[in-house]
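> fold the stuff below for me.
(4 chains, ligands or ions: 6)
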Amino acid sequence: MEKRLKVIEKDDVVVRFSGDSGDGMQLTGTLFSTTSALFGHDISTFPDYPSEIRAPQGTVGGVSGFQVHIGHKQVNTPGDYADVLVAMNPAAVRANARYLAKGSTIIYDSDSFTEKQILRAGYKSDPFIEDKLDGMHLIAAPITTLVKEVLKDTELDPKSILRTKNMFALGMVYWLFDSKLKYTEDFIEEKFGKKPLMAEANSKVLRAGYYYAETIQAIAPSYRVSPANIEKGTYRNINGNQATSWGLLAAAEKAGLKLFIGSYPITPATGILEELALRKDLGAKSLQAEDEIAGICSAIGASFAGSLAVTSTSGPGFALKSEALNLAVMTELPLVVINVQRGGPSTGLPTKTEQADLWQALYGRNGESPVVVMAAGTPSDCFHYAFRAAKIAIEYMTPVVLLTDSYLANGSEPWKIPSMSDMPSIKVPWAEKTETEYLPYERDPVKHSRKWAVPGMAGLEHRIGGLEKTIRGSVSYTPENHEYMVKIRNEKVEAVVAEVPDLKVTGADNGDLLVIGWGSSHGHVVTAVTELQEEGYNVSAVNFNYIRPLPKNTAQVFEGFKKLVVCELNLGQFANYLRIKHQKFTYHQYNKVQGLPFTVKEIKEYCIKLLEEK
Amino acid sequence: MEKRLKVIEKDDVVVRFSGDSGDGMQLTGTLFSTTSALFGHDISTFPDYPSEIRAPQGTVGGVSGFQVHIGHKQVNTPGDYADVLVAMNPAAVRANARYLAKGSTIIYDSDSFTEKQILRAGYKSDPFIEDKLDGMHLIAAPITTLVKEVLKDTELDPKSILRTKNMFALGMVYWLFDSKLKYTEDFIEEKFGKKPLMAEANSKVLRAGYYYAETIQAIAPSYRVSPANIEKGTYRNINGNQATSWGLLAAAEKAGLKLFIGSYPITPATGILEELALRKDLGAKSLQAEDEIAGICSAIGASFAGSLAVTSTSGPGFALKSEALNLAVMTELPLVVINVQRGGPSTGLPTKTEQADLWQALYGRNGESPVVVMAAGTPSDCFHYAFRAAKIAIEYMTPVVLLTDSYLANGSEPWKIPSMSDMPSIKVPWAEKTETEYLPYERDPVKHSRKWAVPGMAGLEHRIGGLEKTIRGSVSYTPENHEYMVKIRNEKVEAVVAEVPDLKVTGADNGDLLVIGWGSSHGHVVTAVTELQEEGYNVSAVNFNYIRPLPKNTAQVFEGFKKLVVCELNLGQFANYLRIKHQKFTYHQYNKVQGLPFTVKEIKEYCIKLLEEK
Amino acid sequence: MTETTTHENHYVAKDFKSDQEVRWCPGCGDHGILASLQKVLAELDIPKEKYVFVSGIGCSSRLPYYMNTYGFHGIHGRAAPIATGIKIANPDLMVWMMTGDGDALAIGGNHFIHAIRRNIDIKIILFNNEIYGLTKGQYSPTSKKGLVTKTSPYGTIEEPFRIGELTIGASGRFFARTVDYNLQLSNEVYKETALFNGTAVVEVIQNCVIFNDGAHDLITNKETRDDNTLVLRHGEPMIFGKNRDKGITLENLKLKVIKFGENGYTEKDVLVHDAHEPNPGIHYRLAGMHLPEYPVALGVIRSIRDHTYDEAMRDQHVRIQEASKIKSVDELLHSGATWKK
Amino acid sequence: MTETTTHENHYVAKDFKSDQEVRWCPGCGDHGILASLQKVLAELDIPKEKYVFVSGIGCSSRLPYYMNTYGFHGIHGRAAPIATGIKIANPDLMVWMMTGDGDALAIGGNHFIHAIRRNIDIKIILFNNEIYGLTKGQYSPTSKKGLVTKTSPYGTIEEPFRIGELTIGASGRFFARTVDYNLQLSNEVYKETALFNGTAVVEVIQNCVIFNDGAHDLITNKETRDDNTLVLRHGEPMIFGKNRDKGITLENLKLKVIKFGENGYTEKDVLVHDAHEPNPGIHYRLAGMHLPEYPVALGVIRSIRDHTYDEAMRDQHVRIQEASKIKSVDELLHSGATWKK
Ligand SMILES: Cc1ncc(C[n+]2csc(CCOP(=O)(O)OP(=O)(O)O)c2C)c(N)n1
Ligand SMILES: Cc1ncc(C[n+]2csc(CCOP(=O)(O)OP(=O)(O)O)c2C)c(N)n1
Ligand code: SF4
Ligand code: SF4
Ligand SMILES: [Mg+2]
Ligand SMILES: [Mg+2]
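Ligands and ions are numbered 1, 2, ... in the order given. All right, here's what the predicted structure looks like:
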């Protein structure tokens, strides 16, 4: 599933405020633009009023919009398509539906989506379905109700109260973009200087919107890639969590197994459990467990009973699963553990992205505890890597940890829909009743995997568990047996290298600098390097999706370059892992730990600096 | 607390079976010797019968003994002092009390310790206290009762039943030494060939003893070091868990804090909770929590409230604590976490030793999660390192993980009792109410530690938690703040290097080979190297007790040697850590993962081989 | 906890407001709980620095930030052991625990029942909105069977916990129930909670306006609430209803709702509430009453003074320290068998 | 679980013995439990390969090794979620869970109450020796207050859980109690357990001869047991005592022990046991009875057939699969908004 995409990262974003003429959208847009400009962004704006001064309320004609294009780099246009749309009513949706970028975010006042208003906007049913926007990132907020509630103790008249709705929406957008409220508050102060009631009301509502977005953990997808050489085919939008879930469903279907997921909700991983809970139509069984430990343990139970078992979580929950993950290591049962990384440590920054759980995935358990570790690179390839993770787990009878992150989980992109008949087959290593006794830990000579006998199969009854044991499954404290088992479990995971495709280099095989990324660094690393190449630099890039084991040709690729730099959103975990696995190379590090993805610009700047140093 | 000990590891052990003449001790001893010899051990035995044929039952005069000295190397004598004593009655204890090695293990039939028997043996009160044996490793087993129970359905007469007691004791000893039962079973079969009832009874009881020892997780201390240049002073025997507990009590006293321990029982760490539960006399507060998570969380709460807070556990429990440990990292509260390592992964080998939780201690948490990591080297220096761990935790406001292991926890050795007035002081970084606002995350410019304000201090009220936060303690999602905090938490842990003494090299500062150990490798590494030096090899040794941060002079020491080898009981965790921290050196590895400590012999052999390779 | 002596600290509710802006959704029941707690604290005679507010994770668990006292925002589900550690470390503190139905009963269920069993002096305020608010609307262990949420798109298939039954089943000595915006009852209940010594559990019927709006409608809206709730007060008869014409009696081993004047029932048949009866049988039933068969009981349902864990630990320490000869670490190190070299 | 049809599998107890040698201490109550379970399984008409024995960690949790069926020896406290996963994955299996008082109620307490709440069809046999056996004698959440153990050298200071109250407080539908070596009663109880559909909790009064010998002496020794226990059977009056001259009645809202002939009480005053009464009030009290005031109730105390979690999930799957147009992953991938390039 290698797609050749020219990955373009937009260091810029287009926001459109849209509502009825009376909704104060122009003001909102202006305030947002100015705040952005003050923050140092380049901006370009485009206000568009309805042609009539007072168009019929609630109709498409009455919609007033204000579009802002903000960017790190020079911004030359107000943008063609909006990435974020604020829609105060159904008409605003209708008016803008075709000007939305793929995978954009729509914040809307759900209170205004009454049947009457919907009809008035010209819809017959659900606007989002009618306009095929249900693949977008929809954030419904009952803005009218909330504004009334915030101001319930004020002496303002109802009309003035409703006039502050735009501030609520603006507050939410500010939260999405981590903006400061200061400029807008000062503006309000000044504008309503003589009407303290109004000033206070507007400020209050602005902050209420901001906090509301925080409280509901509103997250805007921040990842966008556009295919360059677009292949023929049927496309859809897909986000990382959905792609992960579907990849697992695909693997279950291919393997002929039932899919089981046992999870506990946690941002930003909840979407996987939510998606699979929907998929009862395809026979997926989901358990919302009482906690993360129960989540993984139920999955281990389901695996013992013959399901394709999955547990999904994020950093803190992954920490809680460590003890039980070792039970899967010891019992050598197939298990897919998905960790959607977020900012840490501890509760950290729950809605932000980071790549700092790599150590935990590799080494965060007691004893010698080898597991396969993989990382997806883009929202849509979560499908591919989830499928592969399941295939390896089953065929090698091993737990596999798949790392994604907040950035992938919430990001969406157009995706060429694969056909199930093109997907590789998955061979389940079923045990069979034979003349000789079933030995639970007898191994395949190449893969070192054991055979899978599940309850219900007559004559294969056996007992396993977390104590060290012999080939027969009986408990053993024998020194030599323990050493043998520790080593063979390790070798089994190393043997997975047979499934790992060689690293593909973006650019020449030799050069001055190799930029190394892993997982979701993909887009930024490849884009930065492609741009550098276009600018004449002797630079190439690789991005790792298989971490343990590493691709066979890793050292060989590294050898082609004078310098190596590892880019990751942590303090250098993958770089250190490479120091262990390929000690002979010198690794530079480019790290960022801000809860944000890289920008292309900063990677390029760092690379140029590194190339200039001698 | 650097003691200059010449560390001698005994690769040999002396076992003495002792009981009434009718107790069958000679047979037991012979069977044990033969089994050991068959296993490849060198042996030397010494039977000593009572002078009278039928001495009065239960008296010292009636005691019959059989001593076996077994060893890996050549064994030349039956041994001076016994390391393991099997005592079938009080008289057997009396007869052997002064022939016991320090820290030896006594397995005794508690059923025979009736008042009458005790008096008969010449004791007035508790034999173990009277003979000052309460510092020994005592294993009480109600052998008589258990034997009766095992054979309750047999048709044997009561007397014959009691005659099998020796087999129960023998079974227990076999378990302690991981011996096979086969030879003894064959012997029984042959001996009682004509009396199937007797044969069956003896076999049954033998196995019952073996399983009993397994069930109660009987562990024999296996570590013995004898001081060479013995300093003047008062000595006592101490085992690792006790020394750890007492080191913590000492730190609490020095710091003027109350000690709090919140733990959940788990082999081999339970001894620490048990010891501190006894120490209510010194004000120690202990909570046997409902699980490991509650254990660490209660300790975090106690720390927030101003106690010296501790939680103790072993591998699987340590895994469960990972999430909460990060809460301590984030809130920057002092906390000592003791992990008494055992064989893993998962439940693994609960009673066996291993050093395979190093990764977990260093990296087993979500996000960038720096903690101080230390490891004790001998049973008695657990006191010293527990004290130091507490001192660092308090003075730097940080969690500290102290690693010991089964081998240290259960091993005991003579220890020169320190005086509290010689212990270093501990300065608690209390916050004080000043004119300016208390800022929970304001830092010491050198240590980077924050100040400690605890509930009850008026005017310092504040709120902290697991979300990322600013210097004022308020929640913050700001990218720059997060990056700053991630880095400063890291730097704080690195700043602890100021407390870390330089590595001391055993031997010359330059040479052909440096043998590197950490934690409990101490004894074997140093002994092996000392012996090699005596044999003329150009070899030195270092043993690490501070893992994160590493001693300042680490690289400098490494530079003096042509080759480096890291010896550890895992697959190479410390070696890999050194590859990260000091990438430029080449590390050889000598690893063992058998649930057993090293032997001096195998380290020496490996070193000689390595020296011979070019 | 500190004994209440003369009223020296003249606090007003505002003194307990922290400088952090309250970030809950407008209209959220949490605002009511916060206001009520601040008012009650101001009425107690305890210095501000002696309060500690501990919480787990969830919307509800944000409360400590808004309270100008010592506060600890823990991790999900673990507020109870954190609070336990604080209370043991310093029994002079008054420790409040703020938690949600997910925090206390899903991931934190075990700590919850163990705190109750130990009877450690912690005041647990459980915000029951029958949903996971902070993570945007998944069902919780108290969600009504059949509820459609993000993780139960076809309706849940599990019976909810009844918090009162669970609490009393775990040997709970104090259980009360109140409603977020019923400030009068809440003040009363929180005050009794503050003064109680031991693990106190208060279930607050709380409305999440965003993800589970109206879940408690039958017992909170003006029209129906009086007929659907029964406010229990120690020593008072169990009478309820808009017209105070209904009551609770015991019949055939079961509680029964009666209407005065019907089937010959009168006020005399009504049970009188005894919150201090040690035998938990009747409290278990009262706490478990639920619609439609029964009204939901509010107020303090059970309140039994028993030895607390912190008291017992203190007693044991005093006793042992008096008896022991070991008074310092030096003495400890030299105790037992030693020898000189 | 599989329905019991005609008896095709002619098993004897020995067929359920595995080849592993039983390693419990001689005299340990666990031997009795194992023997009884093997006997009961042999009497059921279910093929051996359909049984799964799941456990946590502890002496008790070693049982699966000795049972010649599928077995899974899990990690400490987590048997319930493992069993839950197995049952959901394959509802045709009969899943038994072997656990101890520490395993189920200390570290595993949360999973225990959640399994019960969900009413998933798992048969939980809880070996209650009121001690941690495997780790050599620390107190457990069921140890009697004051017990001296290795971690409570001066006696424990906490009240124990009463397993029956906790179970019913968590909405338990089945609770029974038996005694390790009372094989006759045990067989009866385990058989009812096997045939019950839903989460069944059986508390087995089990003696640890090594670390807590005699803890249950009053209710197990021949002298006193008949006066200290009450065997409940559905439909039978609650009569007990060596001379069967005592019974249980309800008075002043509380259960009361009466002696026939004293104070005018006769057999007529005695309550009749109704194990199938859905209202948990009376079962809660019966399960909670303890010495010295009351005899300890044995037998099946509560047994309520309710929709199980596994049944509800199956029903939901059937319903949704019938209604949905998506029958394959290919169809899923093409559902919703797509476009062609
Ligand atoms: C270990 C862990 N697991 C999961 C989460 C995600 N999480 C945060 S709050 C919450 C549930 C909140 O529900 P509740 O306790 O009812 O609080 P509410 O928001 O409804 O007040 C969850 C699942 C987390 N933060 N940490
Ligand atoms: C995570 C973890 N914590 C602690 C332990 C140690 N441990 C094993 S069994 C046990 C308690 C056993 O008590 P119980 O469940 O009552 O079983 P019993 O041995 O009495 O049958 C403990 C604390 C462990 N194995 N794993
Ligand atoms: S999401 Fe619900 S519970 Fe959370 S603050 Fe908003 S209304 Fe309150
Ligand atoms: S220690 Fe106790 S519970 Fe464990 S096997 Fe022995 S008697 Fe049984
Ligand atoms: Mg909630
Ligand atoms: Mg037990």
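> what's the pLDDT at the residue of the stretch 401-550 of chain A found nearest ligand 2?
Among the residues of the stretch 401-550 of chain A, residue A:466 lies closest to ligand 2, at 8.5 Å counting by Cβ to the nearest ligand atom. Using the backbone N, CA and C atoms, a C-beta is placed for each residue, glycine as well. Note on residue A:466: pLDDT of 97.
> ok and the residue in the stretch 101-250 of chain A nearest ligand 5?
Across the stretch 101-250 of chain A, the shortest distance to ligand 5 (Cβ to the ion) belongs to residue A:215, at 12.7 Å.
> show me the contacts for that residue.
C:23, C:24, C:25, C:59, C:133, C:134 (Cβ atoms under 8 Å, 6 or more residues apart in numbering or on different chains).
> ok, it to residue A:108 distance?
For residue A:215, the distance to residue A:108 equals 18 Å [Cβ to Cβ, to the nearest Å].
> residue A:570 too?
Relative to residue A:108, and taking Cβ to Cβ, residue A:570 is found at 36 Å.
> over to residue A:13?
18 Å.
> could you do residue A:60 as well?
Using Cβ to Cβ, residue A:60 is found at 15 Å from residue A:108.
> got it, and residue A:421?
40 Å.
> is chain D contacted by stretch A:261-275?
Yes. Stretch A:261-275 reaches chain D (Cβ under 8 Å from any Cβ of the partner chain) through residue A:262.
> quick check: mean pLDDT of that stretch?
97.
> how about the residues of chain A near ligand 3?
A:215, A:216 (Cβ under 6 Å from any ligand atom).
> surely residue C:71 touches residue C:53?
Yes. When contacts are counted by Cβ atoms under 8 Å, residue C:71 is listed as touching residue C:53 (4.6 Å).
> how many residues are close by residue C:105?
The tally of other residues near residue C:105 (other Cβ atoms under 10 Å in any protein chain shown) stands at 27.
> kindly report the same for residue C:189.
Neighbours around residue C:189, by other Cβ under 10 Å: 26.
> not counting sequence-adjacent ones, nearest residue to it?
Using Cβ to Cβ, 6 or more residues apart in numbering or on different chains and skipping the chain neighbours, the partner closest in space to residue C:189 is residue C:178 (4.5 Å).
> so that neighbour touches residue C:299, yeah?
Yes. Counting by Cβ under 8 Å, residue C:178 touches residue C:299, with 7.5 Å between them.
> which one's more surrounded, these two?
For residue C:178 versus residue C:299, the count of surrounding residues by other Cβ under 10 Å is larger for residue C:178: 28 against 21.
> how much space between residue A:108 and chain B?
Going from residue A:108 to chain B by Cβ to the nearest Cβ, to the nearest Å gives 24 Å.
> hmm, who's touching the helix or strand hosting residue A:236?
Residue A:236 is part of strand A:234-239, with elements assigned from DSSP states H and E. Strand A:234-239 is contacted by residues A:102-103, A:135-137, A:221, A:246, A:271, A:379-380, A:383, A:409-417, D:333-334, D:336-341 when judged by Cβ under 8 Å, 6+ apart.
> would the top helix by length along chain A count as contacting ligand 1?
Assignment by DSSP state H gives helix A:196-215 as the longest helix of chain A. No. Remark: helix A:196-215 sits outside contact range of ligand 1, by Cβ under 6 Å from any ligand atom, the gap being at least 8.8 Å.
> who's in contact with residue A:567?
With Cβ under 8 Å, 6+ apart, residue A:567 has these contacts: A:515, A:516, A:517, A:521, A:524, A:525, A:590, A:591, A:598, A:603, A:606.
> can you count the residues close to the fifth one?
Residues contacting residue A:524 under the criterion other Cβ under 10 Å number 28.
> circling back to that earlier point, and the longest helix of chain A, which residues are buried?
A:198-215 (16 or more other Cβ atoms under 10 Å in any protein chain shown).
> still on that earlier bit, residue C:71 and residue C:53: which is more packed in?
More neighbours surround residue C:53 than the other of residue C:71 and residue C:53, with 30 against 26 (other Cβ under 10 Å).
> does that one have beta-bridge partners, and which?
Per DSSP bridges, the residues bridged to residue C:53 are residue C:71, residue C:96.
> any idea how far it is from residue B:135?
Residue C:53 sits at a distance of 47 Å from residue B:135 (criterion: Cβ to Cβ).
> about what we covered before: which one's more surrounded, residue A:421 and residue A:108?
Neighbours were counted for residue A:421 and for residue A:108 using other Cβ under 10 Å; residue A:108 has more, 25 against 6.
> just give the closest residue to residue A:395, not the sequence neighbours.
Closest to residue A:395 by Cβ to Cβ, 6+ apart is residue A:427, at 6.0 Å.
> list the contacts of the closest residue to ligand 5 within the stretch 251-400 of chain A.
Residue nearest to ligand 5 within the stretch 251-400 of chain A: residue A:265 (11.3 Å; Cβ to the ion). Residue A:265 sits next to A:273, A:288, C:132, C:135, C:138, C:151 when contact means Cβ under 8 Å, 6+ apart.
> okay, those in CSV with neighbour count and secondary structure next?
Shown next, in CSV, are the contacts of residue A:265 (neighbours: other Cβ atoms under 10 Å in any protein chain shown; DSSP: H, G, I helix; E, B strand; the rest coil):
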residue, neighbour count, secondary structure
A:273, 29, helix
A:288, 27, strand
C:132, 30, strand
C:135, 25, coil
C:138, 24, strand
C:151, 24, coil
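> redo those residues as TSV? Include distance to residue D:199.
Formatted as TSV, the contacts of residue A:265 follow (distance: Cβ to Cβ, whole Å):
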residue	distance to residue D:199
A:273	23
A:288	17
C:132	24
C:135	27
C:138	23
C:151	21
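> ok, so of those residues, who is nearest chain B?
Comparing these against chain B with Cβ to the nearest Cβ picks out residue C:135 as the nearest, at 14.7 Å.
> mind checking how far the closest one is from ligand 4?
42 Å (Cβ to the nearest ligand atom, to the nearest Å).
> state the pLDDT value of that residue.
At residue C:135, pLDDT is 94.
> repeat that for the one 10 residues further on.
For residue C:145, the pLDDT comes out at 97.
> that one contacts residue C:157, doesn't it?
Yes. Applying Cβ under 8 Å as the test, residue C:145 and residue C:157 come out as touching, 7.3 Å apart.
> comparing those two, which shows the higher neighbour count?
residue C:157 (20 against 14).
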